[in-house]
Structures are given as structure tokens and as C-alpha cells.
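Participant: Show me how the following folds:
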Amino acid sequence: MTQRSGSADLPLHGGRVPRWLGDRMTRLGAVICEAVVQDYGRDELLRRLAHPFWFQSFGAVMGMDWHSSGITTSVIGALKRGLQPLSKELGLHVCGGRGRHSRATPGELVAIGERVGFDGAALSRASRLVAKVDSAAVQDGFQLYLHGFIVADDGKWVVVQQGMKDATATARRYHWLSEGLGSFVEAPHAAIDGPAQGRIVNLTDRRAAPSRRAQLDLLATLGPDGIVRELAALDPQREAPANSDQPLLPHLVMPRHHDVRSGDVVLRRLHGTLAAAADRAPSDFADLLLVPGVGARAVKSLAMVAEVVHGAPCRFTDPARFSLAHGGKDGHPFPVPIKVYDETIRVLRTAVAKAKLGETEELGAIRRLDAEARRLERQATGPSVTELIAEERRQSHLYGGRTVFGEAVAPRLRNAPPPGMDRVSSKPQPDRPSTTRSAGSR
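Facilitator: Got it, this is the predicted structure:
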């Protein structure tokens with residue numbers, strides 16, 4: 001049984017993920033998935049991947065542009081690379097991808113099915129049906145260009161696919177979950193993510209059942225020529241009833257602005273996370289605090305990763321908050337702190353590895369970090385989002401900050417000469433490129 005689980009509308013962004021970030025996304029994405037499976041099981045990981053808010057937060061905590069369409073491509077790619085070596089251990093396989101990779105999905109499913117024992121041909125058919133539903137049965141103006149199919153050894157699966165609309169420079173992500181789907185053609189979605197487009201043709205709506213039956217009857221009794229004649233007799237003023245018993249699906253709409261603003265973040269949750277990092281660190285993360293230069297900062301990032309692992313769906317209504325863990329490749333909200341990012345991966349990998357051997361204390365410490373954040377957010381106070389971002393940018397060079405534009409540099413001293421002027425000779429010198437400019441300044 002399968003259902004569509006939700007959707008997301010996202011600004012359409014181009015560009016590529018640089019190697020230095022893509023490699024880290026692969027490692028962090030894989031170890032987060034391991035941690036979720038370790039604590040909650042494989043089925044729960046599939047449910048989370050099918051939830052558009054969690055998926056967006058997952059991509060944001062890995063350093064991708066927090067609001068853009070690129071999160072979908074980069075997360076599917078990172079999981080395909082990161083989970084492949086773990087496929088026997090976790091029983092999970094990632095197929096498809098963007099463009100030509102999406103078209104290879106049916107063949108990949110058949111090959112994996114022959115290897116592990118599920119019906120690859122049936123899942124190949126499911127893959128094609130899911131793509132057809134979101135491109136033909138739901139005609140919302142978005143042309144599919146990405147299809148990711150994550151399948152478990154027991155045949156359960158989740159599909160994350162994305163379409164684009166050039167006219168509005170937006171993308172829409174569709175999420176499907178095999179758990180609970182009763183039909184591919186009637187209310188199958190778990191979620192669709194994207195901006196409202198007004199009335200659209202949606203033959204998967206429960207109200208469209210008479211239309212689907214009528215189309216089959218017309219084709220059987222009239223043939224193509226008869227259908228053309230019947231079109232002239234249709235009443236264009238007739239509308240479907242307003243009420244519907246189709247349940248509301250999670251629908252995420254991301255803003256067009258690239259910078260993280262105060263309204264994009266639930267401040268009490270952020271303050272709870274920061275307070276938990278300070279409260280739990282001395283007892284649970286003493287060794288991490290000893291890491292020169294990045295110890296305390298790494299605990300803050302780890303607290304946000306802990307929420308991605310342990311948080312309930314209602315916790316992910318503000319995906320921008322998770323970009324405050326490891327920044328973004330374009331410098332929003334701040335450059336990616338490479339030293340902090342690597343420490344997050346190291347701590348989480350060590351905790352997961354020990355848990356597999358029965359030593360659960362370190363993974364338990366990460367769980368306590370999340371629980372403490374939720375407890376403290378009721379009364380915790382702290383800096384504003386603007387102040388926090390400004391401080392991160394000021395400190396970025398200390399954490400190995402990096403963007404697609406280059407490495408972060410230390411802020412100029414108050415009495416330093418203007419850029420391009422040598423302190424001694426005062427002769428014009430070539431500008432040193434800034435690494436914290438906005439994407440619009442490229």
C-alpha cells in the first residue's frame with residue numbers, strides 16, 4: 001500500500017555542489033541515516049524522507065542552500081553515494097537521480113531485486129507509475145527532471161521527485177511513501193511541496209473518480225473520433241463541488257530570498273538549541289570542548305543534527321533554522337565552517353560505530369542534547385537571528401569558513417586602509433576577493 005506523502009515549492013536554482021561540500025554531505029547524510037535507523041528503525045527513515053519539511057531540514061543541516069531546489073538533487077545524490085557502501089548492513093538502496101539517472105531507475109530496481117530478493121519488475125512498474133501520475137494525472141505545469149527511488153530489502157519504498165516550471169523559475173517536489181498507499185490514481189500523495197498555482201487538472205483527487213471512469217467508458221464506447229465530438233458538448237461552466245474528503249498533505253513553500261531572516265526561524269527553538277549546547281556540553285561532551293578553536297561551536301551544530309535525528313515532524317516547520325548548523329555553500333546564512341562540519345561528522349560517526357558494538361553512551365548523549373533543547377526552549381533567551389549570523393560571519397575564518405567563492409578571511413581592523421591600498425606605500429593593489437558576498441553579487 002502506497003501514498004503520496006507531501007510536496008514542496010522551491011525557488012529554482014542552478015549551479016553545482018563543489019567537491020569539498022559534496023564529499024562532506026555524503027558522509028554526514030549517511031551517518032545521520034545510520035543514527036535514525038539505529039534508534040528508530042528503517043521504516044522510520046523512509047517516513048522521514050517522505051516528509052517534505054524533514055527532507056528540507058535534512059538538506060539544510062548538510063550545508064546546502066536552505067530554501068532552494070538544489071537541496072533535492074544534492075540530498076538524493078549524497079544518499080546514493082553514502083548509502084551504497086552500507087546497503088547490505090542497512091538494507092537500503094538509492095536509485096535514480098537527475099536527468100539520465102532518473103531514466104535508469106527501472107533497470108536499477110530490477111538488478112537490485114535479483115540480488116536481494118524483492119520483485120524488481122513490480123517496483124519498476126511502480127516507479128514509472130509514480131512518474132506518470134505527477135507528470136500527466138496531475139497537470140500543474142511542472143515538468144519532471146528528477147526521480148529518486150529509495151527502496152528497502154523488504155520492498156518498502158519512498159520516491160522523491162521534482163519538476164520545474166521555467167515561466168516562474170520555481171520547482172515542485174513530490175513525496176511518495178509505499179506505506180499506506182491504496183491506489184496510484186486516487187489520492188496517492190503523501191505530500192507535494194510548492195506554491196499555490198490556482199485551479200489545476202488533478203485526476204488523482206477523489207472528486208475526479210467519475211471523470212476517470214467516464215474517460216475509460218468513452219474510450220471503450222466511442223473511440224478517439226467519438227471523444228473529439230463529445231468535447232464540443234462539454235459544459236465549461238460546470239465545476240466540481242467545493243468540499244473534499246481528501247486529507248490535507250504536508251505542503252512546504254520556500255521563499256525566494258536567499259538570506260536567512262528572523263521570520264524564517266522559530267526563535268524559541270533556536271534559543272533552546274543554543275542553551276542545550278551550553279548546558280549539556282560540560283557533562284556529555286567534555287572531550288569535544290577540548291578541540292582547539294571549534295569545540296564549543298561544534299556542540300551547537302551537533303545539537304541541531306541531534307534534532308534532525310530525534311525530532312518529531314512538527315519540529316521542522318522552519319528549515320532555515322537548520323542552516324545555522326553548517327551555513328551554506330553560497331555564504332547564506334554564513335560560510336560553511338569546515339572545521340566544525342568535520343567535527344560533527346567525527347563525533348556522530350564515533351557514536352554510531354560504538355552503538356553497533358553495544359556501547360550506546362555517546363549516541364545517548366546526542367539524544368539527551370535534543371531532549372534538553374526541547375525542555376529549555378520554554379524559557380531560554382539569546383541573540384537574535386541577525387546577531388547570531390553576524391557573529392558567525394565575523395568568526396568564520398577561525399572555523400575554516402568556505403563558500404563557492406573561496407575561503408573566508410578575517411575582518412579588516414578598524415584602522416586598516418581601504419581594500420586595494422597597501423598599508424606602507426599606499427599604492428593601489430589588486431583587491432582580495434571577498435568570500436562572504438551574497439549570491440547576487442556574482
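
Participant: Can you point out the buried residues in the longest helix along the chain?
Facilitator: Ranked by residue count under DSSP state H, the longest helix found in the chain is helix 19-40. For helix 19-40, the neighbour count (16 or more other CB atoms under 10 Å) marks 21-22, 24-39 as buried. To be clear about C-beta, it is placed using only N, CA and C from the backbone, and glycine gets the same treatment.

Participant: and if you look at stretch 151-170?
Facilitator: 151-153, 155-165, 170.

Participant: what packs against the longest helix of the chain?
Facilitator: Judged by 3 or more CB pairs under 8 Å, 6 or more residues apart in numbering; DSSP states H and E, the packing partners of helix 19-40 are helix 42-49, helix 52-61, helix 70-83, helix 87-90, helix 295-310, helix 338-356, helix 361-376.

Participant: the strands in the stretch 151-300 of the chain, which residues?
Facilitator: For the stretch 151-300 of the chain, applying DSSP state E, counting those that start in this stretch gives strands covering 157-165, 170-177, 191-193, 201-202, 251-253.

Participant: Could you identify which of those strands has the lowest mean pLDDT?
Facilitator: Of all the strands of the stretch 151-300 of the chain, strand 201-202 carries the lowest average pLDDT, namely a mean of 55.

Participant: got TSV for the strands of the stretch 151-300 of the chain, with distance to residue 99 too?
Facilitator: Formatted as TSV, the strands of the stretch 151-300 of the chain follow (distance: least, CB to CB, whole Å):
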stretch	distance to residue 99
strand 157-165	11
strand 170-177	14
strand 191-193	20
strand 201-202	26
strand 251-253	24
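
Participant: Residue 47: which of the ones you listed is closest?
Facilitator: strand 170-177 (6.6 Å; CB to CB).

Participant: just checking, residue 382 touches residue 269?
Facilitator: No: using CB atoms under 8 Å, residue 382 is not in contact with residue 269; the gap is 11.1 Å.

Participant: out of those two, which sits in the busier spot?
Facilitator: The neighbour comparison of residue 382 against residue 269 (other CB atoms under 10 Å) goes to residue 269, with 20 against 16.

Participant: which stretches of the stretch 151-300 of the chain have low pLDDT?
Facilitator: For the stretch 151-300 of the chain, the stretches with pLDDT under 70 are 182-248.

Participant: mind checking pLDDT for residue 137?
Facilitator: Note on residue 137: pLDDT of 67.

Participant: what's the answer for the one 3 residues further on, then?
Facilitator: At residue 140, the pLDDT value in this model is 77.

Participant: quick one, phi psi at residue 143?
Facilitator: In terms of degrees, to the nearest 10, the main-chain angles of residue 143 are phi -100, psi 120.

Participant: count of residues packed around it?
Facilitator: Neighbour tally, residue 143, other CB under 10 Å: 10.

Participant: Does it touch residue 135 like I think?
Facilitator: Yes: counting by CB under 8 Å, residue 143 touches residue 135, with 7.2 Å between them.

Participant: and for the two, which residues touch both?
Facilitator: Jointly contacting residue 143 and residue 135 under the rule CB atoms under 8 Å, 6 or more residues apart in numbering are residue 163.

Participant: which ones are touching the residue nearest to residue 61 when sequence neighbours are not counted?
Facilitator: Counting by CB to CB, 6 or more residues apart in numbering, residue 61 lies nearest to residue 322, which is 4.2 Å off, once chain neighbours are set aside. Contact partners of residue 322, counting by CB under 8 Å, 6+ apart, are 57-58, 60-61, 66, 304, 307-308, 316.

Participant: out of these, which is most surrounded?
Facilitator: Once you tally neighbours by other CB under 10 Å, residue 60 ends up highest among those, having 31 neighbours.

Participant: Which elements pack onto whichever strand or helix holds residue 101?
Facilitator: For residue 101, the host element (DSSP states H and E) is helix 100-103. In terms of contacts (3+ CB pairs under 8 Å, 6+ apart), helix 100-103 is packed against strand 143-152.

Participant: list the helices and strands the strand it packs on packs on?
Facilitator: For strand 143-152, the packing partners by 3+ CB pairs under 8 Å, 6+ apart are helix 42-49, helix 70-83, strand 92-98, helix 100-103, helix 105-116, helix 120-132, strand 157-165.

Participant: To residue 373, which of the ones you listed lies closest?
Facilitator: helix 42-49 (18.3 Å).

Participant: then that closest one to PDB, C-alphas only?
Facilitator: Extracted C-alpha coordinates of helix 42-49, given in PDB (Å, rounded to 0.1, in the frame of the first residue of the first chain):
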ATOM      1  CA  ARG A  42      14.500   1.500   8.700                       C
ATOM      2  CA  ASP A  43      10.800   2.200   8.200                       C
ATOM      3  CA  GLU A  44      11.000   5.400  10.200                       C
ATOM      4  CA  LEU A  45      13.800   6.700   8.000                       C
ATOM      5  CA  LEU A  46      11.600   6.100   4.900                       C
ATOM      6  CA  ARG A  47       8.800   8.000   6.600                       C
ATOM      7  CA  ARG A  48      11.100  10.900   7.300                       C
ATOM      8  CA  LEU A  49      12.400  11.000   3.700                       C
END
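
Participant: List of residues touching it?
Facilitator: Residues outside helix 42-49 that contact it (CB under 8 Å, 6+ apart): 5, 33, 36-37, 54-55, 58, 90-92, 150, 152, 156-158, 160, 175, 177-179.

Participant: Give me the residue ranges of the stretch 301-442 of the chain where confidence is low.
Facilitator: In the stretch 301-442 of the chain, residues with pLDDT under 70: 413-442.

Participant: for the stretch 1-150 of the chain, same thing?
Facilitator: 1-3, 137-139.

Participant: Could you count how many residues lie near the residue lying closest to residue 96 once chain neighbours are set aside?
Facilitator: The shortest distance from residue 96 to any non-neighbouring residue, by CB to CB, 6+ apart, is to residue 105 (3.9 Å). For residue 105, the count of nearby residues is 24 (other CB under 10 Å).
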